[in-house]
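1. Fold the following and give me the result.
(one chain, ligands or ions: 2)
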Amino acid sequence: MKIALLGYGRMGKTIEQIALQKGHEIVLKVDENTKNYDITIADVAIDFSIPSVAFNNITNCFKNNVPVVSGTTGWLAKFEEAKTICKQQKGAFIYASNYSLGVNIFFELNNYLAKMMHHLDDYQISLEEIHHTKKLDAPSGTAITLAEDIIKHSSKNSWTLDVTNNETELPIVAKRIDDVPGTHSIKYKSKVDTIDIKHTAHNRDGFALGAVVAAEWLVGKTGVFTMKDVLGLNK
Ligand SMILES: NC(=O)C1=CN([C@@H]2O[C@H](COP(=O)(O)OP(=O)(O)OC[C@H]3O[C@@H](n4cnc5c(N)ncnc54)[C@H](OP(=O)(O)O)[C@@H]3O)[C@@H](O)[C@H]2O)C=CC1
Ligand SMILES: O=C(O)C1=N[C@H](C(=O)O)C[C@H](O)C1
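-> Ligands and ions are numbered 1, 2, ... in the order given. The predicted structure is shown next:
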């Protein structure tokens, strides 16, 4: 597969290594200094860029009929618009706040636990994410996905980064420490006990492998998909 990397930072470089190991070719590497490029030379584009440019990167792929996998976080205010353009252009698009297999299993576990805890009002829910100090957005996209899933199943109706006494708000704590690749934990605490679930990424390889697997899966398809489709978790 001929892959275009939209964003050639920490993730772009890790994806390059994994893609080459899997026998793919990198035909384009786009960063802040790239002026004009022809996306149509690629079979698929993988966007891990920055929040302010992700929407343009992605919709440019739709307009040029190139399937696109995006992992950039912090741009989701324009997600619905991107999906509409994809459908209009008959494009192919996958977005995931986290491509690692482990986190996608963790998403399932979070949903299951949230459903079980639904009526157990003695437990206070909280969510914590820890990332490296270069991260531009907070909370992480993964933390937002986890929070939205908890909100679906609980009496919470929004999340907040602030300390809160409001019973309807789910507090998220976002910490930035050295080179941490990404740690997410959810805690249910009562007077008598605590239930914790936690995912710790040891490096970026899991995110990158998931993105390459998603790109392999997407080529030849039309529509808007998620990692649940790629991993067969919708069945
Ligand atoms: N979904 C997932 O599984 C994961 C998502 N992420 C997300 O991926 C994104 C990238 O993370 P990371 O690689 O660590 O960040 P980096 O800051 O290391 O990389 C961002 C890259 O985007 C480039 N860039 C800047 N402007 C443009 C532009 N106009 N077009 C294309 N590229 C541009 C930067 O260029 P330059 O180097 O010249 O500044 C840089 O190469 C973040 O949003 C992060 O949250 C991260 C890990 C996993
Ligand atoms: O910026 C990162 O590094 C990461 N970003 C993603 C997010 O915002 O959830 C995924 C992963 O945790 C690493």
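2. how about the most centrally placed residue in the chain, what does it touch?
-> Closest residue to the average C-alpha location of the chain: Ser97 at 1.0 Å, with C-alpha atoms, centre = their mean. By C-beta atoms under 8 Å, 6 or more residues apart in numbering, the contact set of Ser97 is Gly71, Thr73, Ser140, Gly141, Thr142, Ile144, Thr145. Every residue, glycine included, has its C-beta placed from N, CA and C.
3. and if we set it to 7 Å?
-> Thr73, Gly141, Thr142, Ile144, Thr145 (C-beta atoms under 7 Å, 6 or more residues apart in numbering).
4. in what helix or strand does the closest residue to the fourth one other than its chain neighbours lie?
-> With C-beta to C-beta, 6 or more residues apart in numbering as the criterion, Ile144 has its nearest non-adjacent residue at 6.6 Å, and that residue is Ser97. Secondary-structure assignment from DSSP states H and E places Ser97 in no helical or strand segment.
5. where's Ser97 relative to Ser70, distance?
-> 10 Å (C-beta to C-beta, to the nearest Å).
6. Tyr188 and Asp122 touch, don't they?
-> No - judged on C-beta atoms under 7 Å, Tyr188 makes no contact with Asp122 at a distance of 9.4 Å.
7. Looking at those two, which one has more neighbours?
-> Remark: of Tyr188 and Asp122, Tyr188 carries more neighbours, 20 against 11, as counted by other C-beta atoms under 10 Å.
8. Help me confirm that that one is found in a helix?
-> No - with DSSP: H, G, I helix; E, B strand; the rest coil as the criterion, Tyr188 is located in strand rather than a helix.
9. who does it bridge with?
-> Under DSSP bridges, the beta-bridge partners of Tyr188 are Ile125, Ile195.
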